[in-house]
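1. quick one, what's the 3D model for this:
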Amino acid sequence: MFTKVETTIAVEATPLSGPRAWFAFPNPVNDYAARSTAGLVIALAVAAIAVDQWWLYAVLAVGFVLRVAGGPRYSPFGRLAVHVIVPKVVKKEKIVPGPPKRFAQAVGVAFSVTALILSLVGLGLAAQIVVGVLIVAAFLECAFGFCLGCYVFGHLQRAGVIPDSVCEACAR
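-> Numbering: from 1, shown residues only. Got it, this is the predicted structure:
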């Protein structure tokens, strides 16, 4: 008989095929890859604030959408972190559950799309403030390994808003 952990591993190890596989988020993920990606996000977000042009907010938003859609598979920042920065520079691995990281990327979508819309309607300062908040969250992840989105995910799961089946490893 499988224990809860064995069942979780068996489910996560099952390969997806077809269109579902195109939008699969890795689970588990290397926390150092997520931290490296956050560092790249910081660089782009600082540039977006400095230049205050709608198209940079759009690039930031598209990056988050691509990471939500498939983790590092479609994201240039994700690919750079997973295939170059972590194996050649960081050279560390810390395995963490994927669903909270995907949730954090979705929160990044919300913030970056909000900044894009604010910029498009002529509210550049408001867009800069929203991206500033995003920078704070990315900095916490990059510098200290504290994922604010993951923290919120955990609270939502404990409150029953996010079912335990979304991340059985997080429910323990």
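
2. which residues does residue 53 contact?
-> Residue 53 makes contact with residue 119, according to Cβ atoms under 8 Å, 6 or more residues apart in numbering. The way it works is simple: take the backbone N, C-alpha and C, and place the C-beta from them, glycine included.

3. residue 47 versus that one, what's the distance?
-> 9 Å (Cβ to Cβ, to the nearest Å).

4. kindly report the same for residue 155.
-> Taking Cβ to Cβ, one finds residue 155 at 32 Å from residue 47.

5. check residue 146 too.
-> To residue 47, residue 146 is 24 Å away according to Cβ to Cβ.

6. lowest-confidence helix or strand of the protein?
-> Lowest by mean pLDDT, DSSP states H and E among the helices and strands of the chain is helix 4-13, with a mean of 37.

7. after it comes which helix or strand?
-> As assigned by DSSP states H and E, the chain's next helix or strand after helix 4-13 is helix 19-22.

8. pull out the buried positions in that following helix.
-> Judged by neighbour count using 16 or more other Cβ atoms under 10 Å, helix 19-22 contains no buried positions.

9. also stretch 104-120?
-> Buried residues in stretch 104-120, counting neighbours by 16+ other Cβ under 10 Å, are found at 104-105, 107-109, 111-119.

10. list the buried residues for stretch 91-103?
-> Buried residues in stretch 91-103 (16+ other Cβ under 10 Å): 96, 97, 98, 99, 100, 101, 102, 103.

11. next helix or strand past the longest helix anywhere in the chain?
-> Using DSSP state H, we find that the single longest helix of the chain is helix 98-120. Next along the chain after helix 98-120, taking DSSP H and E as the criterion, comes helix 124-144.

12. how about residues contacting that next one?
-> With Cβ under 8 Å, 6+ apart as the test, helix 124-144 has contacts from 34-36, 38-39, 41-42, 45-46, 48-49, 52, 57, 60, 104, 107-108, 111-112, 114-116, 118-119, 146-149.

13. just the C-alphas of that helix, formatted as PDB.
-> Extracted in PDB, the C-alpha atoms of helix 124-144 (Å, rounded to 0.1, in the frame of the first residue of the first chain):
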ATOM      1  CA  GLY A 124       3.200  56.000 -15.300                       C
ATOM      2  CA  LEU A 125       3.800  56.800 -11.700                       C
ATOM      3  CA  ALA A 126       1.200  54.300 -10.600                       C
ATOM      4  CA  ALA A 127       2.800  51.700 -12.900                       C
ATOM      5  CA  GLN A 128       6.200  52.400 -11.400                       C
ATOM      6  CA  ILE A 129       4.800  51.900  -7.900                       C
ATOM      7  CA  VAL A 130       3.200  48.600  -8.800                       C
ATOM      8  CA  VAL A 131       6.400  47.300 -10.300                       C
ATOM      9  CA  GLY A 132       8.300  48.600  -7.200                       C
ATOM     10  CA  VAL A 133       6.200  46.200  -5.100                       C
ATOM     11  CA  LEU A 134       7.000  43.500  -7.600                       C
ATOM     12  CA  ILE A 135      10.700  44.200  -7.200                       C
ATOM     13  CA  VAL A 136      10.400  43.900  -3.400                       C
ATOM     14  CA  ALA A 137       8.800  40.400  -3.700                       C
ATOM     15  CA  ALA A 138      11.400  39.400  -6.300                       C
ATOM     16  CA  PHE A 139      14.200  40.700  -4.100                       C
ATOM     17  CA  LEU A 140      13.000  38.700  -1.100                       C
ATOM     18  CA  GLU A 141      13.000  35.600  -3.300                       C
ATOM     19  CA  CYS A 142      16.400  36.300  -4.900                       C
ATOM     20  CA  ALA A 143      18.300  37.400  -1.900                       C
ATOM     21  CA  PHE A 144      16.800  35.500   0.900                       C
END
